[in-house]
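Peer 1: Everything below, folded, please.
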Amino acid sequence: MTTNLSLSPLPKKLSKFNFWQSISVPWVVTIIYLLLILVLPIAALLVKSASLGLEGFWQIATTPIAISTYNVTFLTALAAGLVNGLMGTLVAWVLVRYEFPGKKIVDAVVDLPFALPTSVAGLVLATLYSQTGWVGRFFAPFGVQIAFSRAGVFVAMVFISLPFIVRTLQPVLQELEEEAEEAAWSLGATEFQTFWRVIFPPLIPPILTGIALGFSRAVGEYGSVVLIASNIPFKDLIAPVLVFERLEQYDYSGATVIGAVLLFVSLILLLIINLLQQWGRRYAND
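Peer 2: A predicted model of the protein is given here:
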């Protein structure tokens with residue numbers, strides 16, 4: 001005697017009934033909270049931008065000063081993300097694979113950009129890298145100015161984006177099996193070959209994810225950059241500072257358009273980050 005264990009699809013009415021039954025107070029509170037905090041502000045920005053019309057939006061978004069700020073913002077943020085992709089990987093590797101005095105302190109210091117107010121960070125960096133600062137004074141004799149230049153913007157973006165790469169890589173490095181490295185060594189592989197063919201491939205997705213996260217964080221940075229940069233148009237003025245300047249001039253349309261451009265770039269970055277994370281999970285499962 002056989003028993004049919006196959007389950008037939010639930011009736012549509014029953015499915016709808018289960019859905020409505022699943023609605024609870026936490027579900028309602030979550031949806032309302034997300035609507036108020038995330039969806040409505042973004043929708044208001046998009047509606048305000050759309051009210052200008054496509055031609056008006058394009059004219060404001062492509063003014064010479066706006067294009068200059070995009071150049072400074074995106075290219076400098078990309079450079080900071082790439083540098084942190086290299087140095088953040090090294091920092092994460094040392095924190096995971098090495099034991100040394102003060103390791104816990106170093107590990108906690110990595111999170112300092114998260115806890116430190118951005119205005120304080122900008123003040124400290126501007127003082128440190130000015131021509132009379134502890135670091136800037138060594139570059140001043142060679143005519144190199146770091147603070148109040150585009151180089152200062154780069155330093156600020158590197159500072160605030162470093163933790164994203166380190167914290168993205170650390171869990172992956174901790175889960176790597178050392179047996180694979182030992183097997184490679186037993187087969188005659190050198191340390192460089194072991195790193196390049198055994199260790200590095202699984203690290204590619206989290207490194208790219210960390211770079212994307214750091215880049216997106218640097219693109220939206222304001223507090224530290226506004227203090228370490230001279231904020232001169234066509235020199236080191238970034239898009240978030242331009243938005244604030246437009247608001248100070250009561251140019252709400254200009255501020256809205258620049259903000260919408262940054263929002264559009266942020267949405268693209270979120271899509272890229274999600275794709276990289278899916279790739280990383282698929283790579284780990286394989």
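
Peer 1: So, low pLDDT: which residues of the stretch 1-150 of the chain?
Peer 2: Where the stretch 1-150 of the chain drops to pLDDT under 70, the residues are 1-22.

Peer 1: let's go with 50 and repeat that
Peer 2: Residue ranges of the stretch 1-150 of the chain with pLDDT under 50: 1-3, 5-8, 10, 12-16.

Peer 1: Nearest residue to residue 238 in space, please, no chain neighbours.
Peer 2: Excluding the flanking residues, the one nearest residue 238 by C-beta to C-beta, 6 or more residues apart in numbering is residue 73, at 4.5 Å. Yep, even glycine has a C-beta here, placed from its N, CA and C like the rest.

Peer 1: Now do the strands in the stretch 51-200 of the chain.
Peer 2: Assigned by DSSP state E, counting those that start in this stretch, the stretch 51-200 of the chain shows no strands.

Peer 1: re the thing from before, in contact with the residue nearest to residue 238, which residues?
Peer 2: By C-beta atoms under 8 Å, 6 or more residues apart in numbering, residue 73 lies in contact with 219, 238-240.

Peer 1: for these, which one is nearest residue 163?
Peer 2: Minimum distance to residue 163 across the contacts of residue 73 is 16.0 Å, recorded for residue 219 (C-beta to C-beta).

Peer 1: Go ahead and confirm that closest one touches residue 266.
Peer 2: Yes: applying C-beta atoms under 8 Å as the test, residue 219 and residue 266 come out as touching, 7.1 Å apart.

Peer 1: who's more crowded, the two?
Peer 2: Taking other C-beta atoms under 10 Å, residue 219 and residue 266 do not tie; residue 219 has more neighbours (24 against 14).

Peer 1: Distance check, that one against residue 268.
Peer 2: The gap separating residue 219 from residue 268 is 11 Å, by C-beta to C-beta, to the nearest Å.

Peer 1: same check, this time on residue 228
Peer 2: Going from residue 228 to residue 268 by C-beta to C-beta gives 27 Å.

Peer 1: Compare those two (neighbour count), which wins?
Peer 2: Counted by other C-beta under 10 Å, residue 228 and residue 268 do not tie: residue 228 has more neighbours, with 30 against 11.

Peer 1: Now the lengthiest helix in the chain: buried residues?
Peer 2: The single longest helix within the chain, with elements called by DSSP state H, is helix 252-285. When burial is assessed from 16 or more other C-beta atoms under 10 Å, helix 252-285 yields the following buried residues: 253-263, 265, 269, 273, 276-277, 280.

Peer 1: got a list of what residue 220 touches?
Peer 2: Taking C-beta under 8 Å, 6+ apart, we find residue 220 in contact with 240, 262, 266.
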